[in-house]
Structure formats: structure tokens, C-alpha cells
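K.L.:
Provide a 3D model corresponding to the input given below.
(one chain, ligands or ions: 1)
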Amino acid sequence: MSLQDLQGWCVQQGQPGFRAKQLHDWIYDRGARSIDAITVLPKAWREQLQASAADSSPAVGDWIGRSRELLRSEARDGTVKLLLGTRDGLSLETVGIPSGDRLTVCISSQVGCPMACRFCATGKGGLQRSLAVHEIVDQVLAIREVMERRPSHVVFMGMGEPLLNLEAVLAAIDCLCSDLGMAQRQITVSTVGVPAALPTLAERALERLGRAQFTLAVSLHAPDQALRQRLIPTAHAYPIEQLLEDCRRYVAITGRRVSFEYILLGGLNDQPRHAEALSRLLRGFQSHVNLIPYNPIEEEDFRRPTPEAVESFRRNLQERRIAVSVRASRGLDADAACGQLRRRQLQASSQG
Ligand code: SAH
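P.N.:
Numbering: from 1, shown residues only. Reported below is the predicted structural model:
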């Protein structure tokens, strides 16, 4: 809820308007976890809300919207992975990645994911459901609480496909900016591509947020359709030329350049001919390529690229005047690749 939403709600509850500001401070600045913790509110009202929470659906007490911490794992490099539990008993991953002055939070937009990319741990379990706005924002609050630092950046690169939960993702961006004081430029939305969704994202962002200044990252992973659909089964329904055309429309509508993610799989898409094809594909396109060395997952036997292959791929693109960077793998010792903390937990619980 925004300050304005809280004002409306307080009036409905027969409370004076200034309570809204108090609630807003306690929820967003102090990170209160329950109504009862907001001690600045009259005790009688807190008790009344708590009581009505017990027998109303959706519970009034739920409005505070915090998830439970189920597991925490911290890597030697300071990366913290959290497994958070929702009210309906599902679990999702959130990661805090410190780097100098920065604290990047990698958040989920869905529990599970329907996109089934072959190299992705989350994709193996299918989709449970999309997350609600408060469950998305909660992840940023949870990392702030655990790491005792204000997150500087947020990336929608956790579980799920953000474009399949578009309105909640935009509302969460609005909340992060309006209520937690972040700037859109500190936020990245990553997508593997959903037919026709990119122009919609651009238009809805302008309508919903007034501007679209967050970074759009597109998970490309291959320089041609044949290879791409081997890695990303859903790409069958979305030709790579159409995806790039939609990216161009996104740039035209928002005026922002697009960033492309390219996972490097040893021997499969990391050869010089792939770099050459990629640079031809992106020629003349205002873009940036982020190379991601594959983090091995248990279910597949893709190989991690050699450091030499990564470096030569990077150099190859750079020499062809493509803006390129390599993503450092972080927190590998904590629980291997993204999504694996949760999968391990699910496996352990199904074994009793
Ligand atoms: N569905 C969105 C966002 C979640 S995935 C998308 O696909 O972009 C975020 C990024 O992590 C994507 O670029 C994805 O391809 C990458 N990723 C997934 N599994 C990985 C793995 N095992 N190793 C390295 N990167 C991985």
C-alpha cells in the first residue's frame, strides 16, 4: 500500500489520517513484521485488527504482507541467500549480493517458473503461482533486515518470468521507488521473452509509472533461432527475429537501450562462430551484452565454459564493437546455482 492507500484504509477503519504516515514509516522504514510490532498505534486498535485477522479472509493481519524466513545461507564472499515462506506454504529464493558500495537484491517474481529453460534449476519444477506485489517488495525488505544495509540495486533475476506477472512487477517497482526511495535506474527487469509482451511492458510502464527508466535485460543465450530453441523450449513460439524486433520497439517507445544476457555453455554456444553470429545479429542495435558463465545444476550435464573461452568470447565481441561485460559468479559455495537452495529444501522435505 502506498501512503495514499494507507490513508484511505485508515479512514475506512475510523482512524485519523495521521495514522497512515505512522504505518508507512513503520512498514517501510522500520520494517515492522506485524501489526502488533507497530507500538505507536493504540493498543485497542492493534488488538481489534489482530482479532479480525483471525476470522477474515483475506486476513486483515495479512496486509502487512511479510513472508517468513525458512533458510538462510551465507557464502564466503558475503552473498546471502534466503529461502522465504509465503502464507500459503510455498517457498521462494531471494539473494543479497554485496559488492563494494553496492548491495544488489536478486528477487523473484513467481514461485517456480513455466518457461522451462533447460539450464535453469527453477524451470525444472514448473510454475506454482505468481507472486503478489507485497511478496515481491517483501524480498527487498527481508534482505535489508538480514544484511542490515539499504539495498542499492534490485534485479528481477530470481525465480519466475516477470513478463508473466507484469502488473504486479510494475506495481512493485512503483512501491520500491515511491515507498522505499529507490530510483528506477537502480532496477533491472530480466525476461527470456514472451510473445508480444515487450511493447506491452513499455506502454504499461509509461502509463503506470509515468516513465520507463529501469533497465530491460533480455535473456538471449544464442545467436540464432535453432540453437536458441534447443536451450529455451518456449522460444519455438517466438522467432528470434521477432524478439529483436520487439526489443527495437521497446527502445523506440522508452528511449532506453536494452541489455542482453548470454549464458555461456561450454562447447555449446561459446565458440568463436557464436560470437561472430551474435555480433552480426546485434549490429547497429543500441545494446549491451552481459556474458554469464553457466552455473552447473544437478539435472543437466551442460558444462561450465573454460575461463579462456569466456575471455576469448568477450574479446571477440569487443573487437566487433559490441559493448560487453562478464558477470562474476557470486555465492557459489553457498548453495551452488540460482534456485538450488529451494530445490534442495524441496527434495529434503519430500524425503521426509
Ligand atoms: N525469467 C527471467 C528472469 C529469471 S532468470 C529470464 O529468463 O531472464 C535470470 C537470469 O539467470 C537469466 O538470464 C537466466 O538465463 C540466468 N540463469 C538461469 N539459470 C542459470 C544457470 N544455471 N547458470 C547461469 N545463469 C543462469
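K.L.:
what's stretch 126-135 in contact with?
P.N.:
65, 67, 86, 90, 92, 108-114, 116, 160, 164-165, 168, 171-172, 175 (Cβ atoms under 8 Å, 6 or more residues apart in numbering). Placement of C-beta: from N, CA and C, glycine included.
K.L.:
okay, the closest residue in space to P98 that isn't next to it in sequence: pLDDT?
P.N.:
Excluding the flanking residues, the one nearest P98 by Cβ to Cβ, 6 or more residues apart in numbering is G78, at 4.6 Å. We have a pLDDT of 94 for G78.
K.L.:
name the SS class of G78, please.
P.N.:
Three-state assignment for G78 (DSSP: H, G, I helix; E, B strand; the rest coil): coil.
K.L.:
that one contacts V95, doesn't it?
P.N.:
No: between G78 and V95 there is no contact under Cβ atoms under 8 Å: 11.3 Å.
K.L.:
bridge partners for P293, pull those for me.
P.N.:
Beta-bridge partners for P293, by DSSP bridges, are L264.
K.L.:
ok, now which ones touch it?
P.N.:
Applying Cβ under 8 Å, 6+ apart, the residues near P293 are I263, L264, R304, P305, V310, V326, R327, S329.
K.L.:
and this protein, which of its residues are near the ligand?
P.N.:
With Cβ under 6 Å from any ligand atom as the criterion, the chain comes near the ligand at residues 115, 117, 119-120, 157, 161, 190-192, 219, 261, 263, 292, 294-295, 297, 337-338.
K.L.:
can you redo the contacts of P293 as JSON lines with secondary structure and neighbour count?
P.N.:
Compiled in JSON lines, the contacts of P293 are given as follows (DSSP: H, G, I helix; E, B strand; the rest coil; neighbours: other Cβ atoms under 10 Å):
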{"residue": "I263", "secondary structure": "strand", "neighbour count": "24"}
{"residue": "L264", "secondary structure": "strand", "neighbour count": "24"}
{"residue": "R304", "secondary structure": "coil", "neighbour count": "16"}
{"residue": "P305", "secondary structure": "coil", "neighbour count": "24"}
{"residue": "V310", "secondary structure": "helix", "neighbour count": "18"}
{"residue": "V326", "secondary structure": "strand", "neighbour count": "16"}
{"residue": "R327", "secondary structure": "coil", "neighbour count": "14"}
{"residue": "S329", "secondary structure": "coil", "neighbour count": "14"}
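K.L.:
relative to the ligand, which of those residues is nearest.
P.N.:
Using Cβ to the nearest ligand atom, I263 comes nearest to the ligand of the contacts of P293, at 4.8 Å.
K.L.:
domains of the chain?
P.N.:
The record's domain parsing of the chain by automatic domain parsing lists 3-54, 68-351.
K.L.:
what's the least confident stretch among those domains?
P.N.:
Mean pLDDT across those is lowest at domain 3-54; the value there is a mean of 90.
K.L.:
circling back to that earlier point, relative to A237, how far out is the residue nearest to P98?
P.N.:
Counting by Cβ to Cβ, to the nearest Å, the gap from G78 to A237 is 40 Å.
K.L.:
check M147 too.
P.N.:
According to Cβ to Cβ, M147 and A237 sit 40 Å apart.
K.L.:
and the two? Which one has more around it.
P.N.:
Neighbour count, other Cβ atoms under 10 Å: between M147 and A237, M147 has more, with 19 against 11.
K.L.:
in contact with the more buried one, which residues are there?
P.N.:
Contact partners of M147, counting by Cβ under 8 Å, 6+ apart, are V80, G96, P98, L103.
K.L.:
same check, this time on G85
P.N.:
With Cβ under 8 Å, 6+ apart, G85 has these contacts: S67, R68, E69, L70, S91.
K.L.:
for the last one, list each beta-bridge partner.
P.N.:
Each beta-bridge partner of S91 is listed here, defined by DSSP bridges: G85.
K.L.:
quick one: contacts for the nearest residue to F119 once chain neighbours are set aside?
P.N.:
Once flanking residues are discounted, F119 sits nearest to F302: 5.5 Å by Cβ to Cβ, 6+ apart. If you count contacts by Cβ under 8 Å, 6+ apart, F302 has them with R118, F119, L265, G266, L268, Y294, P296.
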